Each structure stands twice: as C-alpha cells, then as structure tokens.
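> A predicted structure for the sequence below; I have some questions about it.
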Amino acid sequence: MKRQSSSDGVYSSIKSKTSPEPTREKSFFDRHVSSHDDTSPSSLEIGDTNDANDAWSAMQVRHSKEAGGTSFIERGLIFVRSSQFFVIVAIAIFLLIVALLTAPHSDASVAPIRGEAYLTTNEFAGIRIAKPNEAVLITGGLGFIGSHVVDLLLHRGFSVTILDDESNGHNHNRFATEMVPHDITVVGDLPEIGNGNSFTHVIHLAAAISVAESMNDPDKYERVNYGGSEKVFNWIRNYNQHVSQSDDAAATFIQKVTAASSAAVYGDPDPALLPLRETAPYGGKSPYADTKYRMEGLMREFVAKQNEASGPKASAVALRFFNVFGPRQDPKNPYSGVISLFLEAALHNKDINVLGDGEMTRDFVYVKDVARAIVMSLLHESTDDEATFDNFNVCTGKSITINTLADQVRQKMKSSSQIKHLAPRDGDIRESSCNNEKAARGLQFTSTVSQEEGLEKTAIWFGEQ
C-alpha cells in the first residue's frame, strides 16, 4: 500500500501479502539530522528544544501506530492533556492543604523579640506583638508565675519593669528593669511618679501565697495581700492623675491592671455548684482566701472611684487561679504546690506524702497557660467608655484526684517511691472543679497544655535541675 507523506504525521499500517517488507525508517538516533543536507518532507528540522521535544513525541506516536497499537507514552500524553488530569491534580492539592492545616502544630520554638526565652506558638497563642512605647510594671515578677509572665511579655516585645522583694523567687531577668528588693507594703518602694517612669499596663502578682501559712500567720496575709494591694491600686490612680496634668509628651496612661486572685475564694462548695462558675458564692476557709477575695473588692472600688471622676481610667481584671504547676516552682518551699513536692520526693525515691485519703479533686493548670491568661486579660480591650472590673477562672476544666496525681508522678519519674497517707490539713478543700467558659468567651482563653502533658514537661525540668 502506498504510504502517506510523513508531513501529516500519519502512516498506513496495512500491508498486502505480496508487498515486499518495507525498509525500516531510521530512528531519531540513527538519522543524521541536518537542516542543510536533508530537505525531504520526512526530515526533522530542530530549531530549539521545544521543537526537539515535539519531534520526539510525534515520532513515538508514529512508531506506535505503525506497530498497530497505542503506546504507554501516547496514552500518557493524551491523559495529561485531558480534563481528568487537571481534576485529579486539583483534588491532590486540596487534600495536601487540608493535611497541612489539620496536622498537629510543630513544637518548634520561636525566637523572642526581646529577652532570651524561646517559646512555642502554643505558649504565646493569642498574644499580639507590643505596640511602640508599651511598658508593663509587674509586681512579683521574680516568682514562679511572674517569671514566666516576664518571659512572655519580653518575647512579644514589651518593655518590662519588675518590682519584687524576693520573698517567693529569684528568677532574675537581665532584659527587664528590676526594682529589687522592693516591697509593695512600703509606699516609698513603688515607682516614683513623674521621674521618667512611664507605664501602660500593670500586673499585680506580689502576694503571700500559702493557705497553710495563712492559718498560722494571718497578720502577714492581711498586711501583704490586702494592705499591699491597696497601696498598688492607689499608686495607679495617682500615677494616671499625674499624667493627665503633665506636660510630658512621652508620659503614658496606665490602661489596665490584672491581679492574681485564687480559686480558694470558693472554699469547699456544695457539690451541686460544681464545676465552679465565677458566680458561685464566697466560701473561703483561710485568711489567704479571705484576703484574696477582699482584694477583688478593692479592685471594684478602684474602678468605681475612677468612673466618678474625670480623667484617664484604668480597667481591672482579677484572675482566679486554680492549681498552678510547672517549671520554677520551688520544691524546697514547704508551702509549694503539691506537684512540685511530689516530683521532688519521686526524684529521690522518697515517700510521696498525701494529706488525707487522696480522693480530693483538683484542676491543675500549667504555668505557661496561666501566663498566657494573664497577658491576654491585660491586652483585652473593652468597648465601654468607662473603666470596668471583671473576674475569670483560670483552669483547664478537668479535675483529677490527688491519688491519681501521685501515681502519675511515680510513673513519669520511674520512681520507687511509696505513697504514704498522712492526716488532712486544715483549710484544705475536698472537691474542686472549674468551669472555664467565661474566660473562653470573654478573653478567648483556653488552656493548650493538658495536665498530663504539663506534668511530663515539669518532670523533665525537675530531672535537669
């Protein structure tokens, strides 16, 4: 049969029985390609790389048709040019994006804007970067909770001043201005007003912190937790009044104060009230609880007095911490939290002492989550024209028994410690569980670290000390 010209790229595959065996056409590699010597219609003239690729594809298709079938390459080329191919690619890209979005967050640490504390994205979730000239005064900034708050503020770029008497911690930070040792119960120890000191926010954490100690020394708690707090709030009001009358363009108003209250204000509640909401009645059983609750009263008065007068106004938030734990909690302090005491005992294979039958329940919240709650409450902006006061629980919303905690500690530390039950302690609460809905709704805060995950992190820290 007569073969069509190669110029249209189609060849007949039908042969008569009497036809001589056709001479095999030279392959792409056999043929000497020259645009000058071979001017026949079947020659391959290669002008650039694309021309060569097209020629190669056309030759493969031609050879497959001469063989009487469709080659794998031809089928592939046809499929790539089809709409099905693009649909499949689009679906694959969509599934990849979904996988990336739903994958667990990386635990990789992020470098700070200020300071030297690297934090994971969960540890500063919901915290914006500082605006120019934003400066925070933090009382109790050398303590267990306060030092983590300082790290977080510096990480986000805030200027930080620490005021502390070093009674509950020595976690110094060379990237913060330190007023140490300064006592909140001494008016002269508070920052001098009008001497270049300028702040936009205040965090008040300085306090005497033990339920048990308060039972033996109630006067100390009255002096520090109530009297010291009163002096801090009065200082803020005087500071803002001075700024309103000042000609110093660099002076800034204090816009917000956040203070540490405690879940101890709920006392030993009726089980019908569990999990506890902020509306639950006062039921404190210790001087510690009493002074924290009355401190909240001082904050209400602080706001009310500002709203009665003209000039700048600072809103206030009290955070009711449940059982805070984590790195830097001092196990050598007999009034330290139960987790640090258990970890210290387990580390040295000593008895883990549980007060009472161990069936008391607690909501344990990791310290870095507490630091986030503090800063989120500080930066939360109200739409009200007047100063406001509010209080929020800071917790995980999940409780466990002390016996369960003791078993967890032994396992995490791979310890041979024995659990020993002692007499219950005066002022301790039987059941404690927390409703965290108000903080989630009002501050957009929820804990990101579970109790067991936090215990794992804390156990690692203890082992490194």
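Okay, I see it. Numbers count the residues shown, from 1 in each chain.
> Looking at residue 428 now. What's its pLDDT?
pLDDT, residue 428: 82.
> Check which helix or strand it maps to.
Assigned by DSSP states H and E, residue 428 belongs to no helix or strand.
> thought residue 452 was touching residue 408?
Yes: Residue 452 is within contact range of residue 408, at 6.7 Å (criterion: Cβ atoms under 8 Å). In this view, the C-beta of every residue, glycine as well, is placed from N, C-alpha and C.
> More neighbours: which of these two?
residue 408 (19 against 12; other Cβ atoms under 10 Å).
> Do a quick rundown of the helices in the stretch 201-350 of the chain.
All helices of the stretch 201-350 of the chain, identified by DSSP state H, counting those that start in this stretch, fall at 211-216, 218-221, 229-245, 287-308, 338-347.
> for residue 114, what are its contacts?
154, 155, 157, 158, 159, 175 (Cβ atoms under 8 Å, 6 or more residues apart in numbering).
> roughly how far apart are residue 272 and residue 208?
32 Å (Cβ to Cβ, to the nearest Å).
> Just want to know which of the two has more residues nearby.
residue 208 (20 against 5).
> which stretches of the stretch 1-150 of the chain have low pLDDT?
1-83, 85, 98-107 (pLDDT under 70).
> try 80
Scanning the stretch 1-150 of the chain for pLDDT under 80 picks out 1-87, 89-90, 97-107.
> show me where the stretch 101-250 of the chain has strands.
Using DSSP state E, counting those that start in this stretch, the strands of the stretch 101-250 of the chain run over 109-110, 119-120, 135-139, 159-163, 177-179, 201-204.
> same question, the stretch 301-450 of the chain
315-321, 323-325, 352-355, 361-362, 364-366, 389-394, 400-401, 419-422.
> would you turn these into JSON lines with mean neighbour count and distance to residue 88?
Output for these, formatted as JSON lines (neighbours: other Cβ atoms under 10 Å; distance: least, Cβ to Cβ, whole Å):
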{"stretch": "strand 315-321", "mean neighbour count": "24", "distance to residue 88": "52"}
{"stretch": "strand 323-325", "mean neighbour count": "23", "distance to residue 88": "51"}
{"stretch": "strand 352-355", "mean neighbour count": "20", "distance to residue 88": "59"}
{"stretch": "strand 361-362", "mean neighbour count": "20", "distance to residue 88": "54"}
{"stretch": "strand 364-366", "mean neighbour count": "25", "distance to residue 88": "45"}
{"stretch": "strand 389-394", "mean neighbour count": "22", "distance to residue 88": "49"}
{"stretch": "strand 400-401", "mean neighbour count": "16", "distance to residue 88": "49"}
{"stretch": "strand 419-422", "mean neighbour count": "14", "distance to residue 88": "59"}
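> Let me have those in a markdown table, extended by distance to residue 440 and mean pLDDT.
Compiled in a markdown table, the strands of the stretch 301-450 of the chain are given as follows (distance: least, Cβ to Cβ, whole Å; pLDDT from 0 to 100):
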| stretch | distance to residue 440 | mean pLDDT |
| --- | --- | --- |
| strand 315-321 | 14 | 98 |
| strand 323-325 | 18 | 97 |
| strand 352-355 | 32 | 96 |
| strand 361-362 | 20 | 96 |
| strand 364-366 | 13 | 98 |
| strand 389-394 | 9 | 98 |
| strand 400-401 | 21 | 98 |
| strand 419-422 | 35 | 97 |
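> could you dump these to TSV with distance to residue 457?
Compiled in TSV, the strands of the stretch 301-450 of the chain are given as follows (distance: least, Cβ to Cβ, whole Å):
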stretch	distance to residue 457
strand 315-321	18
strand 323-325	10
strand 352-355	19
strand 361-362	18
strand 364-366	7
strand 389-394	18
strand 400-401	17
strand 419-422	23
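> Nearest to residue 265, out of those?
When the strands of the stretch 301-450 of the chain are compared by Cβ to Cβ, strand 315-321 sits nearest residue 265, at 6.5 Å.
> List the strands paired with the closest one, with their directions.
The pairing partners recorded for strand 315-321 under DSSP bridges are strand 256-262 (parallel), strand 389-394 (parallel).
> The longest one vs helix 287-308, what angle?
With axes from the mean of the first three to the mean of the last three Cα atoms, to 10 degrees as the basis, strand 256-262 and helix 287-308 are set at 160 degrees to each other.
> now strand 256-262 against helix 229-245, angle please.
Going by the same axes, to 10 degrees, strand 256-262 is angled at 170 degrees with respect to helix 229-245.
> Please state the offset of strand 256-262 from the chain centre?
On the basis of Cα atoms, centre = their mean, to the nearest Å, strand 256-262 sits 20 Å off its chain's mean C-alpha point.
> again with the last one
Its chain's C-alpha centre and that of strand 389-394 lie 19 Å apart, by Cα atoms, centre = their mean.
> One more: stretch 281-300?
Worked out by Cα atoms, centre = their mean, stretch 281-300 lies 30 Å from the chain centre.
> Stretch 279-288 now?
Centre-to-centre, stretch 279-288 and its host chain are 30 Å apart (Cα atoms, centre = their mean).
> Render the CA-only coordinates of that stretch in PDB, please.
Taking C-alpha atoms only, stretch 279-288 is exported to PDB below (Å, rounded to 0.1, in the frame of the first residue of the first chain):
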ATOM      1  CA  THR A 279     -21.000  33.400  90.100                       C
ATOM      2  CA  ALA A 280     -20.500  30.900  92.900                       C
ATOM      3  CA  PRO A 281     -20.800  32.500  96.400                       C
ATOM      4  CA  TYR A 282     -17.700  33.200  98.500                       C
ATOM      5  CA  GLY A 283     -16.800  30.300 100.800                       C
ATOM      6  CA  GLY A 284     -13.200  30.800 101.800                       C
ATOM      7  CA  LYS A 285     -11.800  28.800 104.700                       C
ATOM      8  CA  SER A 286      -8.500  30.600 105.300                       C
ATOM      9  CA  PRO A 287      -7.000  34.000 105.800                       C
ATOM     10  CA  TYR A 288      -5.400  33.600 102.400                       C
END
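> picking that back up, residue 318: which of the contacts of residue 114 is nearest?
residue 158 (21.2 Å).
> how close does the closest residue to that closest one other than its chain neighbours sit to residue 151?
With Cβ to Cβ, 6 or more residues apart in numbering as the criterion, residue 158 has its nearest non-adjacent residue at 4.3 Å, and that residue is residue 130. Residue 130 is 14 Å from residue 151, where distance means Cβ to Cβ.
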